[in-house]
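Trainee: sequence? don't have it. structure:
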């Protein structure tokens with residue numbers, strides 16, 4: 001187990017959670033596959049963006065190991081090998097705007113919850129040095145995916161619901177962010193998150209504990 005727990009809030013740093021928020025909101029894009037492209041774009045930037053923000057030099061393969069994780073593999077399978085089924089499903093869902101709206105909002109909330117968890121744990125892993133060398137990189141990456149897979153919903157869901165209150169405007173925010181711009185709506189989301197983040201300190205500390213248990217198990221299996 002790591003010797004020093006990080007401050008769960010850390011004053012809330014938007015640079016740590018910006019890509020995670022945009023990856024989670026990408027699910028709102030109503031164009032088949034465009035949502036997956038945007039999600040992967042922001043998701044893949046998270047590791048290096050967090051490391052740069054913390055001033056940490058991570059292992060050269062850390063980015064590849066983290067982004068080639070099981071979650072990434074499943075995303076590839078769902079996005080490529082199963083694309084005909086997803087395309088048909090998208091067309092069927094569009095028959096009913098009410099059903100589509102409800103399901104899209106629910107998916108966006110769940111996605112934000114998951115990506116915020118991921119961003120927090122990546123930040124924790126960077127600060128604790130788990131991504132600095134090959135001996136800790138692999139068990140840390142496996143622990144990350146295990147925790148995200150088993151954690152499910154969290155208290156962050158309430159905050160995610162606030163952020164997704166205006167889905168149509170958020171779509172434009174994501175598209176502008178892909179072009180390197182941050183609009184007023186995304187600035188509002190940043191402010192909302194900043195003001196609420198300290199409420200989840202206890203939860204983040206528990207998340208650290210879950211990660212450490214999973215890391216210890218995976219590290220022992222490698223040894």
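Mentor: Nice, thanks for sending it over. Because the structure is a prediction, the values reported are computed rather than measured.

Trainee: rest of the way, CA atoms for contacts and neighbours
Mentor: Fine.

Trainee: quick one: contacts of the helix or strand containing residue 191?
Mentor: Using DSSP states H and E, residue 191 sits within helix 184-196. The contact list for helix 184-196 (CA atoms under 8 Å, 6 or more residues apart in numbering) reads 11, 12, 13, 14, 159, 163, 169, 170, 173.

Trainee: Helix or strand with the lowest mean pLDDT in the chain?
Mentor: Ranked by mean pLDDT, DSSP states H and E, the weakest helix or strand in the chain is helix 70-76, scoring a mean of 47.

Trainee: State the number of residues packed around residue 157.
Mentor: Number of residues near residue 157 (other CA atoms under 10 Å) recorded here: 16.

Trainee: Just to check, it is in contact with residue 107?
Mentor: No - look at residue 157 against residue 107 with CA atoms under 8 Å: they stay out of range, at 11.2 Å.

Trainee: The residue lying closest to residue 140 once chain neighbours are set aside: which element?
Mentor: Of all residues not flanking residue 140 in the chain, residue 215 sits nearest, at 5.6 Å (CA to CA, 6 or more residues apart in numbering). Residue 215 belongs to helix 201-222 when assigned by DSSP H and E.

Trainee: Tell me the buried residues in stretch 27-45?
Mentor: In terms of neighbour count (16 or more other CA atoms under 10 Å), stretch 27-45 has its buried residues at 27-29, 33, 35-36, 38-44.

Trainee: Stretch 188-203 too?
Mentor: For stretch 188-203, the neighbour count (16+ other CA under 10 Å) marks 189, 190, 193, 197, 198 as buried.

Trainee: Tell me which stretches of this structure form helices.
Mentor: For the chain, the helices defined by DSSP state H occupy 14-25, 34-54, 62-67, 70-76, 83-93, 97-128, 134-151, 156-163, 167-178, 184-196, 201-222.
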